[in-house]
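>>> what shape does this take:
(chains A and B)
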There are 2 protein chains.
Amino acid sequence: MERYRVAVVGATGLVGQELVKLLYQRQFPLAELRVLASRRSAGKALTLGQRQVYVGEARPTSFQEAHLVFFAANPETNAYFIPYAVRAGALVIEVNQRRDRPQTPLIVPEINGETLRDRVPVLACPGSVSTILALALYPLHLAATLKRVVVSTYQAVSDRGRAAMEELNDQSRRVLQGQGVIPHVLPHQIAFNALPETDVFLDNGTSREEWRIAQEVRQLLAAPELGLSITTAWVPILVGHALAVHAEFETAIDRPEALKFLAAMPGLRVLDDPNVSLYPHPWTAAGADDVLVGRVRQDPTVENGLALWVVGDNLRKGQALNAVQIAELAVRRGWLG
Amino acid sequence: MERYRVAVVGATGLVGQELVKLLYQRQFPLAELRVLASRRSAGKALTLGQRQVYVGEARPTSFQEAHLVFFAANPETNAYFIPYAVRAGALVIEVNQRRDRPQTPLIVPEINGETLRDRVPVLACPGSVSTILALALYPLHLAATLKRVVVSTYQAVSDRGRAAMEELNDQSRRVLQGQGVIPHVLPHQIAFNALPETDVFLDNGTSREEWRIAQEVRQLLAAPELGLSITTAWVPILVGHALAVHAEFETAIDRPEALKFLAAMPGLRVLDDPNVSLYPHPWTAAGADDVLVGRVRQDPTVENGLALWVVGDNLRKGQALNAVQIAELAVRRGWLG
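As a prediction, this is how the structure comes out:
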């Protein structure tokens, strides 16, 4: 079996670390792994089970002879280094994509992996909410054609990195001790609270993330006319997004059919037996590879309506796992050769 | 000024205690206040600022000569005692209503206080989500006639009483210390999690609370045909519900008009300037009398669509404050005489 020289830029972040771990866990055919980060993190060791991996500094020259480079740093750092990786001949997988590069194909392998026929230099992961949402919608869209979707998110703060997780933990401790808190990373207190501001707001009052999710899901489902009405909010959760989804279809679809299509979808798992309180929730979804779906029910307030509750690990399938799956697809297609 | 003999049943619970406090704070014209609870709580003292109030045992004979009785115990206890209070000639205000008494008028004074012309023996508060939601929808419904509303809730656990608040606090402490948790009050761990089960599930997969909110909001808005599609979920919040609301109207309504109608509604306050992160959130809404609304924006995915974010204190306007406001209305109408 062929083996590849792989680099990960931004390897010390939450997503980068998850990505490195997944490359080993999933036995990606590595000839060499370059674990790269900013100068500040260079020289540190990442501990991965029994293994210690030393972090090198990302430089324009870091990608020589690389077959594949993952970019999991901040979007600006990614944008700076990507041209060097492309020029070195590597396939680039952008995990944290900039919002202004609509020409880069967004890939969720279970959804649109097969539609990608030719090697392109850069492939990108959608945002975590988009990936989780699109995976649950896709089999239903194939079955009954989506018309409009209303989504409210219950988002884990780890999408904003380690500092946001520490902020939630610290604030929670302080509140439990009766002390006040001062927010630094998120706009207001997040402990024991809910904040409908996960990104900057656009002029029309929508947030950039709400706008982006709509764009990305339309692209993933190849449904450019699909109406997506979204409210995103941070809740006091460390890992695992939950989504309340209210969908409207062109043709009839009932609960048994929906459950059948959802259960047959790769990357998706149905947990749906309300009588025994079986439905997904973020605490148990954290660490799972699959996106989980439950509380599937008719919505009688609209023609061909369905409501569902979708939960996924925002760091894994939402970001790192999806990136590794794109790389596995590239191996099968022979794009790393 | 006339003064009245008032009793509160269930005065030691979260809502009952809030209610007793509000009667004093709002200077309700009391001649006498009987603070009643189960035998277990009788003899305890409630501390209200400088004041200590002793708790008596609720008995069938507790309501003699009372003008007004609030029922804030569990629905079963309320149902047992209410006939005695009615027979004693008191006006009854049921704060925690049973789900099977649709003949009792549900009152939110700002919405339908004026429609109630004659004294009836029992008046009831809607559930906390219904009251908060209906207050925000009412002025918009008057302006443009609601057609369909999709709502996802981010609910504070105090709706399930003191034990649920203690469970959230205890579990949060344990998780922060790296310890496991065993849920007792809510169906699964609530700390750092989100649970889409706030009540028992009906056969169609809807929960009883989701069903009830739809019924109550239709009744409050006098809109029996209104479509309400609801997902309710507990989040790790102690006090204050947040609601993501996506509404569709019969006639056109834009953001400036919506803001104008919302701002003119008694009991409602607009906090809406996304550029400076001004929108309501539960931590600051706890303790406020008003229901708060922000993030008002067009929803272009549907004709005449608006999205908004609504937050309210579930113990105050959601329950205790609304009950006291019903009593104040009864005083103005001369129904306690």
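>>> right, and A:Ala72 touches A:Asn322 too?
No - using Cβ atoms under 8 Å, A:Ala72 is not in contact with A:Asn322; the gap is 11.5 Å. C-betas here are computed from N, CA, C, even on glycine.
>>> so how far is A:Val296 from A:Pro274?
10 Å (Cβ to Cβ, to the nearest Å).
>>> overlap of the contact sets of these two?
Both A:Pro274 and A:Val296 are in contact with B:Gly205, where contact means Cβ atoms under 8 Å, 6 or more residues apart in numbering or on different chains.
>>> out of these two, which sits in the busier spot?
A:Val296 (25 against 21; other Cβ atoms under 10 Å in any protein chain shown).
>>> tell me which element the nearest residue to the more buried one once chain neighbours are set aside is part of?
The shortest distance from A:Val296 to any non-neighbouring residue, by Cβ to Cβ, 6 or more residues apart in numbering or on different chains, is to A:Leu308 (4.8 Å). A:Leu308 is part of strand A:305-312, with elements assigned from DSSP states H and E.
>>> parallel or antiparallel, list what pairs with that strand.
strand A:241-249 (antiparallel), strand A:291-298 (antiparallel) (DSSP bridges).
>>> now those strands in CSV, with mean pLDDT?
Output for those, formatted as CSV (pLDDT from 0 to 100):
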stretch, mean pLDDT
strand A:241-249, 98
strand A:291-298, 98
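>>> A:Leu116: which of the ones you listed is closest?
strand A:291-298 (20.6 Å; Cβ to Cβ).
>>> just how off-centre is that closest one within its chain?
Averaging C-alpha positions (Cα atoms, centre = their mean, to the nearest Å) puts strand A:291-298 19 Å from its chain's average.
>>> rewinding a little: CA atoms of the strand holding A:Leu308 as CSV?
The C-alpha trace of strand A:305-312 is given here as CSV (Å, rounded to 0.1, in the frame of the first residue of the first chain):
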residue,chain,number,x,y,z
GLY,A,305,-43.7,18.9,7.4
LEU,A,306,-41.3,17.0,9.6
ALA,A,307,-39.5,18.1,12.7
LEU,A,308,-36.3,16.5,14.0
TRP,A,309,-33.6,16.9,16.6
VAL,A,310,-30.0,16.5,15.3
VAL,A,311,-26.8,16.3,17.4
GLY,A,312,-23.2,16.0,16.3
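>>> which ones are touching the residue of chain A positioned farthest from its centre?
In chain A, counting by Cα atoms, centre = their mean, A:Gly178 sits farthest out from the average C-alpha position, at 35.2 Å. Residues near A:Gly178 by Cβ under 8 Å, 6+ apart: none.
>>> for the closest residue to A:Arg269 other than its chain neighbours, what are its contacts?
In space, and not counting its chain neighbours, A:Arg269 is closest to A:Asp290: 4.1 Å by Cβ to Cβ, 6+ apart. Contact analysis of A:Asp290 by Cβ under 8 Å, 6+ apart lists A:267-269, A:312, A:317.
>>> just to revisit the earlier point, gap between the residue farthest from the centre of chain A and B:Asn169?
Distance from A:Gly178 to B:Asn169, by Cβ to Cβ: 11 Å.
>>> quick one: distance of the strand or helix carrying A:Ala323 to the chain centre.
Secondary structure assignment for A:Ala323, by DSSP H and E: helix A:321-333. Centroid displacement of helix A:321-333 relative to its chain, using Cα atoms, centre = their mean, is 15 Å.
>>> which of A:Ala72 and A:Asn322 has more neighbours?
Between A:Ala72 and A:Asn322, A:Ala72 has the larger neighbour count (other Cβ under 10 Å), namely 29 against 25.
>>> what pLDDT does the model give the more buried one?
For A:Ala72, the model assigns a pLDDT of 96.
>>> and it, what is it in contact with?
Counted by Cβ under 8 Å, 6+ apart, A:Ala72 has contacts A:8-11, A:13, A:15-16, A:19, A:78, A:95-96, A:319-320, A:323.
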